[in-house]
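A.B. asks: below are the sequence and a predicted model for it; my questions follow.
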Amino acid sequence: MACCSGGMGFGGGMGGGYGGPGLFDILLLAGIGYMIYRFVKKRREGQAAYQAYGQPDYQQPQAYSYGSPTPAYDQPQPHDDTAAGLSYIRQMDYSFDESRFKDTVMDLFFKVQGAWMNRDLSSAAGVMTDEMRGVLQQDVQRLLQEKRINRLENIAVRSVEITEAWQESGQDFITTLVYANLLDYTTDESGTVLEGSKTDPVKFEEYWTFTRPVGPNQWKLSAIQQV
């Protein structure tokens, strides 16, 4: 913006007919240029920070109850999210191994199923969170009151697949899909079959979620979700 002829501006002098840019105009243009430079620089720095720190932390799915036929959380996230979650877990526990973890899941699976069938969770209390034990204990109490026994026999675990992994609030979480065949039937206390079959095996698919404090600590069952 040039000063007007004969104007009283910082570079135009007092009077005179010079119509070129004055000092004020030059400073104003320089200030605008600097503001544009700062805006572009800040934008690039923001993009670099986003790339360095990555996506926000994955959130824990909502809690769900044993035996619930309706999923209480979204389907497992894409494999990339699971791989990233396992990487975070491994950073805090260098000894973590997926194969050994799956073996641990099978051990805990049989331990919990045995306690459930006996209608006594004390033998598996150490491998469940307090919340999970409370949920199962309600179902056990119902079986005891109705004098029924849910028998799970000839269990053959076909596969254990890790479907989700994440860290939240100082805890590791891993969800696994357990696929098995078994005899699943319910009897009264005299042994009479009330539901299911003692001879026809059924397919078993459930999501079991395990948690522990971050680091090389003991895994505990925190949730069960039927497929």
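C.D. replies: Everything's here; your move.
A.B. asks: the helix or strand that contains residue 151: which residues count as buried?
C.D. replies: Element membership for residue 151 (DSSP states H and E) is strand 148-168. Buried residues in strand 148-168, counted by 16 or more other CB atoms under 10 Å: 148-152, 155, 157, 160, 162, 164-167. For the C-beta atoms, the positions are set from N, CA and C on the backbone; glycine is no exception.
A.B. asks: which among these gets closest to residue 105?
C.D. replies: Checking the buried residues of strand 148-168 against residue 105 by CB to CB gives residue 160 as the nearest, at 5.1 Å.
A.B. asks: who are the contact partners of the nearest residue to the closest one once chain neighbours are set aside?
C.D. replies: Leaving aside its sequence neighbours, residue 160 sits nearest to residue 102 (CB to CB, 6 or more residues apart in numbering; 4.4 Å). Going by CB atoms under 8 Å, 6 or more residues apart in numbering, residue 102 touches 160, 162, 176.
A.B. asks: who does the helix or strand hosting the last one touch, helix- and strand-wise?
C.D. replies: So that's residue 176. Using DSSP H and E, residue 176 falls within strand 171-188. Applying 3 or more CB pairs under 8 Å, 6 or more residues apart in numbering; DSSP states H and E, we find strand 171-188 packed against helix 79-92, helix 98-117, strand 148-168, strand 193-196, strand 202-213.
A.B. asks: give me that answer again for 10 Å
C.D. replies: helix 79-92, helix 98-117, helix 130-146, strand 148-168, strand 193-196, strand 202-213, strand 220-226 (3 or more CB pairs under 10 Å, 6 or more residues apart in numbering; DSSP states H and E).
A.B. asks: quick one, it and strand 220-226 angle?
C.D. replies: If you take axes from the mean of the first three to the mean of the last three CA atoms, to 10 degrees, strand 171-188 sits at 60 degrees to strand 220-226.
A.B. asks: list the buried residues of strand 171-188.
C.D. replies: Within strand 171-188, the residues scored as buried using 16+ other CB under 10 Å are 172-180, 182-185, 187.
A.B. asks: cool, stretch 212-224 as well?
C.D. replies: By neighbour count on 16+ other CB under 10 Å, the buried set for stretch 212-224 is 212, 214, 219-224.
A.B. asks: measure that stretch end to end?
C.D. replies: Distance between the two ends of stretch 212-224: 16 Å, counting by CA to CA, to the nearest Å.
A.B. asks: next, find the distance separating the closest residue to residue 177 other than its chain neighbours from residue 222.
C.D. replies: Leaving out its chain neighbours, the residue that sits closest to residue 177 by CB to CB, 6+ apart is residue 161, at 4.5 Å. As for residue 161, its distance to residue 222 is 18 Å (criterion: CB to CB, to the nearest Å).
A.B. asks: follow-up on the earlier one: now for the residue nearest to residue 177: which residues touch it?
C.D. replies: Residue 161 is in contact with 76, 82, 102, 105, 175-179, 207, counting by CB atoms under 10 Å, 6 or more residues apart in numbering.
A.B. asks: from the residues you listed, pick the one nearest residue 144.
C.D. replies: Looking across the contacts of residue 161 and measuring by CB to CB, the closest to residue 144 is residue 178, at 25.8 Å.
A.B. asks: ok, that closest one touching residue 206?
C.D. replies: Yes - counting by CB atoms under 10 Å, residue 178 touches residue 206, with 5.5 Å between them.
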